[in-house]
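> give me the fold of what follows.
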Amino acid sequence: MQKAKLFCLILTQSIYIMSAIQTIAIAGAGTMGSGIAQVAASSGFTTILFDINPDMLQKAAAGIQKSLEFLVGKGKLSAEEQIQIAGRISYTSEITDLKADLIIEAVIENLAIKHQFFQQVAQLNGPNCILASNTSSIPITQIAAKVPNPERFLGIHFFNPAPIMKLVEIISGVQTEPSIAKTCKELIEGMGKTCVMAKDAPGFIVNRVARHYYVEGLKALEEQVADFETIDALMESSGFKMGPFRLMDLIGVDTNFSVTSSMYQLFHQDGKFRPSRIQQQLVDAGQHGKKTKKGFYAYP
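Model prediction:
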């Protein structure tokens, strides 16, 4: 009897929290952040996209518009739906505008920057606001350590490109309230995604396993086993949709390098996660892949 009452109480709380989520804010207007904003707006949520760089916001708005126009051209959206989705998204470079029921951070993989961001938005929002990180590699408990109300903090990790990729990892930190994680899982599943509950560890599930797809590809390139075009062609002919170098260009060479570097440190310099000098050179040269028109490949 007591178990039944407890289940009903948790279910009631989850339904209440889900119905209370009307506005979703995303911090970081890069490829990932803008993709998450499109997903949220397409699911009917009032959406705020924040970035300190106004140029990034303009680029994000143009990218979302192009993506929606593509869907209209494919017959997957009507012109009216396109207008409605675009109208749900507002763009801002003022952090004081980040007042929402759920805030998802998708900024650079830097722990100090994430701490500073969450401390600021926690002061702008009430204790019922859910805070989430889209981090690819940093443990959720480590981020939550300096965030107010850590029981309402968790990881919601989308994959790139967010409007297309179905998988989302839901990661609970040590102090995350189970009902909050359950609610967010149901919320994201309502957006048409497939969610998996992951334990809190560096890289979680997908990035920990997939990291070696990039790292070993780069090692083979460093050792001149083959050039990157050949490695990509072989992997694609083996059944992979994209080879490691083409995929790094899509994700962002800088983003991929940052995640590898972070995991290398979090796993105490385990050699299997060693970042590549070749990738470091591309980052230093500003050749970050498709978003800069040049990475391993050129994109005229």
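> going along the chain, name the strands of the protein.
23-27, 46-50, 89-92, 102-105, 130-133, 153-158, 167-172, 194-198 (DSSP state E).
> these: which one's closest to Ser237?
The closest approach between Ser237 and any of the strands of the chain, judged by CB to CB, belongs to strand 167-172 at 24.2 Å. Every residue, glycine included, has its C-beta placed from N, CA and C.
> mind giving me the packing neighbours of that closest one?
The contact analysis (3 or more CB pairs under 8 Å, 6 or more residues apart in numbering; DSSP states H and E) places strand 167-172 against strand 153-158, helix 178-189, strand 194-198.
> what's the most buried one of these?
Most buried of the helices and strands packed on strand 167-172 by mean neighbour count (mean count of other CB atoms under 10 Å) is strand 153-158; its value is a mean of 26.
> that one versus strand 194-198: what angle between them?
140 degrees (axes from the mean of the first three to the mean of the last three CA atoms, to 10 degrees).
> could I have strand 153-158 exported to CSV, CA atoms only?
Listed in CSV are the C-alpha atoms of strand 153-158, where the atom choice follows Å, rounded to 0.1, in the frame of the first residue of the first chain:
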residue,chain,number,x,y,z
PHE,A,153,20.8,19.4,-12.1
LEU,A,154,21.4,16.7,-14.7
GLY,A,155,22.9,15.9,-18.1
ILE,A,156,20.8,16.0,-21.2
HIS,A,157,23.3,15.0,-24.0
PHE,A,158,22.0,15.4,-27.6
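> ok, residues contacting it?
By CB atoms under 8 Å, 6 or more residues apart in numbering, the residues outside strand 153-158 that reach it are 32, 35-36, 39, 104, 118, 130-136, 140, 143-144, 147, 165, 168-173, 175-176, 180-181, 184, 188, 193, 198, 200, 204, 206.
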